[in-house]
Each structure stands twice: as C-alpha cells, then as structure tokens.
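**Student:** Show me the folded form of this:
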Amino acid sequence: MTQESWLPTLKTNTPQEGYELAVKLARKAVGMTQPDEEVRKKLRPVYANDADSLTFASQVVAINFQTVAAANNYWNE
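**Tutor:** Residues are numbered from 1 along each chain as shown. Predicted coordinates:
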C-alpha cells in the first residue's frame with residue numbers, strides 16, 4: 001500500500017508560496033518529532049511565551065526557505 005506523498009515537490013510559483021512551504025516544512029517536522037498532539041498542546045504555552053524559542057522557530061523557517069528558494073532557482077528564469 002503506497003501512501004500519497006505530502007511533499008511531492010519543492011517547486012513553487014512565487015516566493016510567497018515558497019515561504020508558506022517553508023513554514024509547512026517546519027510544522028511538519030514538529031509533528032513528526034512529537035506525534036502526540038496532546039503533548040504538543042501542553043508544550044505550546046511554554047514556547048509561545050519564550051523569545052528564544054520563537055527566534056529558533058523563525059530560524060528553522062528561514063533555513064527551510066533557503067532550501068526552497070534554491071530548489072526554485074531563486075525564482076529566476
């Protein structure tokens with residue numbers, strides 16, 4: 001039984017779509033790292049009010065965006 005891929009491509013039409021994909025990648029990583037939704041809900045208030053945690057989350061998205069941008073040849077033709 002083959003499961004449909006949640007990430008069929010890194011190609012996007014625009015930088016904004018690329019950024020949205022970068023956020024999705026970060027969120028998916030959290031869900032795969034901690035699959036228990038209840039645990040994630042319990043932890044959210046802790047990191048949601050911690051400037052360092054929010055900065056690290058932004059850093060992960062930025063790194064993912066670099067990857068997506070490179071895969072899209074930085075949207076240059």
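**Student:** hey, let's count contacts and neighbours off CA atoms from now on
**Tutor:** Noted.
**Student:** From the contact counts, what lies against the longest helix anywhere in the chain?
**Tutor:** Secondary structure of the chain read by DSSP state H shows that its longest helix is helix 51-71. Contact partners of helix 51-71 among helices and strands, from 3 or more Cα pairs under 8 Å, 6 or more residues apart in numbering; DSSP states H and E: helix 15-33, helix 37-48.
**Student:** can you redo those as TSV with mean neighbour count, distance to residue 64 and mean pLDDT?
**Tutor:** Supplementary listing: the helices and strands packed on helix 51-71 in TSV, determined by neighbours: other Cα atoms under 10 Å; distance: least, Cα to Cα, whole Å; pLDDT from 0 to 100:
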stretch	mean neighbour count	distance to residue 64	mean pLDDT
helix 15-33	16	5	97
helix 37-48	11	20	96
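**Student:** Out of these, which is closest to residue 73?
**Tutor:** Across those, residue 73 has its closest neighbour in helix 15-33 (10.7 Å, Cα to Cα).
**Student:** got the CA positions of the longest helix of the chain in CSV?
**Tutor:** These are the backbone C-alpha positions of helix 51-71, laid out as CSV (Å, rounded to 0.1, in the frame of the first residue of the first chain):
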residue,chain,number,x,y,z
ALA,A,51,11.5,34.8,23.0
ASP,A,52,14.4,32.4,22.4
SER,A,53,12.0,29.6,21.3
LEU,A,54,10.2,31.9,18.9
THR,A,55,13.6,33.1,17.5
PHE,A,56,14.7,29.5,17.0
ALA,A,57,11.4,28.7,15.2
SER,A,58,11.9,31.6,12.9
GLN,A,59,15.4,30.4,12.2
VAL,A,60,14.2,27.0,11.2
VAL,A,61,11.7,28.6,8.8
ALA,A,62,14.4,30.7,7.4
ILE,A,63,16.7,27.7,6.8
ASN,A,64,13.8,25.9,5.1
PHE,A,65,13.1,28.9,3.0
GLN,A,66,16.7,29.0,1.8
THR,A,67,16.3,25.3,0.7
VAL,A,68,13.0,26.1,-1.1
ALA,A,69,14.5,29.2,-2.8
ALA,A,70,17.5,27.2,-4.0
ALA,A,71,15.2,24.5,-5.4
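**Student:** That's all I had, so thanks and see you.
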